[in-house]
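>>> Quick one, fold the following:
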Amino acid sequence: MKALVTAEPHADFMEHGMTIARRLDAGEAVPPQDYRLSFATEAQLFSEITPQRWRLLSLLQQQGLVRIRMLAQALDRNYSNVYQDVQRLIELGLIEKTSRGVRVPWDAIELRLSTIRESQAA
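This is a model prediction of the structure:
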């Protein structure tokens, strides 16, 4: 499973969910869905997924389970700043914390942006 991070209008996000719900109501077998984290605008997305946080996610994806202190050292960043970023990424569902450290629970994290909205493409 992967995490998809997108910037899309609320209506497009809801339509995606409704499509899956209609398929389920019709008795169709629906495969497990990727985790979708959607922001209303690109500006909101970039305020949450900053270059520093993207680098943190990339390092965690490569390293696996890592303690926050080791992560801060590997990123050459202040521990408290990395800690704050980790807490926010946990809230966003992109990483998880265990008793032994933090990790990315997804096979991949994809950032998707388009100049055309789904509602326009249809």
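>>> Please make it C-alpha for all contacts and neighbour counts, starting now.
Will do.
>>> which residue is nearest the centroid of this protein?
In the chain, the residue lying closest to the centroid (Cα atoms, centre = their mean) is Leu94, at 4.4 Å.
>>> Tell me which residues touch it, please.
Leu94 makes contact with Ala3, Val104, Pro105, Trp106, Ile109, according to Cα atoms under 8 Å, 6 or more residues apart in numbering.
>>> Next up, the contacts around the last one.
Same thing as Ile109. Ile109 touches Lys2, Ala3, Leu4, Val5, Leu94, counting by Cα under 8 Å, 6+ apart.
>>> Give me the secondary structure label for it.
strand (DSSP: H, G, I helix; E, B strand; the rest coil).
>>> May I have the phi/psi pair for the closest residue to it other than its chain neighbours?
Using Cα to Cα, 6 or more residues apart in numbering and skipping residues adjacent in sequence, the residue nearest Ile109 is Ala3, 4.7 Å away. Main-chain torsions, Ala3, degrees, to the nearest 10: phi -110, psi 130.
>>> Ala3 touches Glu110, doesn't it?
Yes - taking contacts as Cα atoms under 8 Å, Ala3 lies within contact range of Glu110: 6.2 Å.
>>> Neighbour count for these two, which is higher?
Ala3 (20 against 12; other Cα atoms under 10 Å).
>>> Please name the residues that touch the more buried one.
Asp34, Tyr35, Arg36, Leu37, Leu94, Trp106, Ala108, Ile109, Glu110.
>>> now do 10 Å
The neighbours of Ala3, taking Cα atoms under 10 Å, 6 or more residues apart in numbering as the test, are 33-37, 93-94, 104-111.
>>> Likewise for Val86?
Applying Cα under 10 Å, 6+ apart to Val86 gives the contacts 53, 56-57, 68, 71, 80, 92, 94-97, 102-103.
>>> Now, those residues that are in strands?
Of these, the ones assigned to strands by DSSP state E are Glu96, Lys97, Val102, Arg103.
>>> Would you mind putting the CA coordinates of the biggest helix by length in the chain into PDB?
Taking DSSP state H as the assignment, the helix of the chain that covers the most residues is helix 10-25. The C-alpha coordinates for helix 10-25 follow below in PDB (Å, rounded to 0.1, in the frame of the first residue of the first chain):
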ATOM      1  CA  HIS A  10     -13.000  18.800  -1.600                       C
ATOM      2  CA  ALA A  11     -15.600  17.900  -4.200                       C
ATOM      3  CA  ASP A  12     -13.100  15.700  -6.100                       C
ATOM      4  CA  PHE A  13     -11.900  14.000  -2.900                       C
ATOM      5  CA  MET A  14     -15.500  13.300  -1.900                       C
ATOM      6  CA  GLU A  15     -16.400  12.000  -5.400                       C
ATOM      7  CA  HIS A  16     -13.500   9.500  -5.200                       C
ATOM      8  CA  GLY A  17     -15.000   8.200  -1.900                       C
ATOM      9  CA  MET A  18     -18.500   8.100  -3.200                       C
ATOM     10  CA  THR A  19     -17.300   6.000  -6.200                       C
ATOM     11  CA  ILE A  20     -15.900   3.500  -3.900                       C
ATOM     12  CA  ALA A  21     -19.000   3.500  -1.700                       C
ATOM     13  CA  ARG A  22     -21.200   2.900  -4.800                       C
ATOM     14  CA  ARG A  23     -19.100   0.000  -5.900                       C
ATOM     15  CA  LEU A  24     -19.300  -1.500  -2.400                       C
ATOM     16  CA  ASP A  25     -23.100  -1.000  -2.300                       C
END
